[in-house]
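**Q** 3D model of this:
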Amino acid sequence: MFSEIPPLVLILIAAPILYFAQTAVLNALDGRERMARLNRTMNMKRNDRTMPRRSSSGFLLGMAKRVAINTSERFSIVNGGEAEASAKLLRTAGFRGRDALLIYSFLKLLLPIGGIGFTWLWFSLDASSEMGVFMKVMIALAAALLLSKLPDAVLKFRQKQRYTEVQKAFPDMLELLVIATEAGLSFGPALNRVARELHAVAPTLSFEIRQLYVELNVMPDRDGAWVRLSERLPLSEISIFANAMMQAERYGTPISQALRTLMRDQRALRLLRIEEQAGRIPALMTIPLILFIMPALFVVLIGPAALNILDNIMGGALG
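**A** Numbers count the residues shown, from 1 in each chain. The predicted structure follows:
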């Protein structure tokens, strides 16, 4: 039965199955290791029933893990500076999983091959096509090129959505922080409370603030947490906010005063953006004015005169 299927189709079917199988194995083993590290960190005593025993199944799982890791690394197609740029794009788009770069690399490799295979299969089944070989090759290469750019386009679209959501909710977040700090909360609990309040409106900013709160409590260098926030959200508003908070902690400036100043600046910046969008409206209205309004206006103004001239010409010709 399998001898009748082309080898390329078999490869296209087997590669995703192998990838998702090894991803499932990695996720299961990684969750087990995370739980063991958490237990060791919390100094939890485990008895013999909870201690993992080295058995034949554990040996087979370890071997499967090594095979999956080696196979996944062979799928990787980004290295060096390209890997750093891809990791940054994934980070800013919201994908920070352990295997995010691996999946991205695999898609960059699989999608062009899948595009070529699909077009080849399509032309093989469409026997009535009179298209030449050169045109078929060009269509296959164009499909491969478009599919190779598809992951980047999706990530950039998601990145733009996240940036828009953060910029829209950032002034409200500052205002809530000012209210919380002036109500008596310290900066850490105020961040946590504001993150909970923003979850329904701006989940992206809420998640980033929660992660910032955790890193401020865990990392020995608090400035590093602010730097990581600026790297995850490389926006001017976030950079100004991070720098202001680092300077306030370093020099002992009242945080509520710094937050109030930032809030006023961000409100003014939002007003400037609204005015800028309003100023662009006349330029944007030029195209619909020319395409839809001007022809109708010409018909209304010139139509009656044209009809009178036509009636006079026709009347003179008939007379």
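
**Q** When you work out contacts or count neighbours from here on, use the C-alpha atoms and nothing else.
**A** OK.

**Q** in the protein, which helix or strand is least confident?
**A** Taking all helices and strands of the chain together, the one with the lowest average confidence (mean pLDDT, DSSP states H and E) is helix 56-75, at a mean of 54.

**Q** Give the next helix or strand downstream of that one.
**A** Next in sequence after helix 56-75, counting helices and strands by DSSP states H and E, comes helix 80-92.

**Q** Who are the packing partners of that next one?
**A** Counting contacts by 3 or more CA pairs under 8 Å, 6 or more residues apart in numbering; DSSP states H and E, the secondary-structure elements packed against helix 80-92 are helix 100-125, helix 133-182, helix 222-232.

**Q** what's the closest of those helices to Glu197?
**A** Distances from Glu197 to each of these were compared by CA to CA, and the smallest falls on helix 133-182, at 8.8 Å.

**Q** ok now the closest one, how far from the chain's centre?
**A** In terms of CA atoms, centre = their mean, to the nearest Å, the centre of helix 133-182 is set 5 Å apart from its chain centre.

**Q** what's the angle between that helix and helix 100-125?
**A** Per axes from the mean of the first three to the mean of the last three CA atoms, to 10 degrees, the angle that helix 133-182 makes with helix 100-125 is 150 degrees.

**Q** Quick one: mean pLDDT for helix 133-182?
**A** Per-residue pLDDT values over helix 133-182 give a mean of 85.

**Q** Which secondary structure elements does that helix sit against?
**A** Counting by 3+ CA pairs under 8 Å, 6+ apart, the elements that helix 133-182 packs against turn out to be helix 80-92, helix 100-125, helix 187-198, helix 203-218, helix 255-284.

**Q** in the shortest one, what's buried?
**A** Of the residues in helix 187-198, 187, 190-195, 198 count as buried by neighbour count, 16 or more other CA atoms under 10 Å.

**Q** The fourth one too?
**A** Counting neighbours by 16+ other CA under 10 Å, one finds that the buried residues in helix 203-218 are 203-206, 208-213, 215-216.

**Q** Just want the angle from that helix to helix 133-182.
**A** Taking the same axes, to 10 degrees, helix 203-218 and helix 133-182 form an angle of 60 degrees between their directions.

**Q** mind showing which ranges of the protein have poor pLDDT?
**A** By pLDDT under 70, the weakly predicted segments of the chain are 1-82, 98-99, 126-129, 316-319.

**Q** any idea which residue sits dead centre in it?
**A** Among the residues of the chain, Ala93 comes closest to the average C-alpha position under CA atoms, centre = their mean, at 2.7 Å.

**Q** if you skip the residues just before and after it, what's nearest to Asp223?
**A** Using CA to CA, 6 or more residues apart in numbering and skipping residues adjacent in sequence, the residue nearest Asp223 is Met246, 6.3 Å away.

**Q** My read is that the one you found contacts Asp221, right?
**A** No. Shown here, Met246 and Asp221 do not form a contact pair, counting by CA atoms under 8 Å, at 10.9 Å.

**Q** So which of the two has more stuff around it?
**A** Met246 (20 against 11; other CA atoms under 10 Å).

**Q** For the helix or strand harbouring that one, give me every contacting residue.
**A** Secondary structure from DSSP H and E places Met246 in helix 236-251. Contacting residues not belonging to helix 236-251 are listed as 167, 170, 223, 226-227, 229-230, 253-255, 258, 262, 266 [CA atoms under 8 Å, 6 or more residues apart in numbering].

**Q** What of stretch 266-283?
**A** Contacts of stretch 266-283 with the rest of the structure, by CA under 8 Å, 6+ apart, involve 171, 237.
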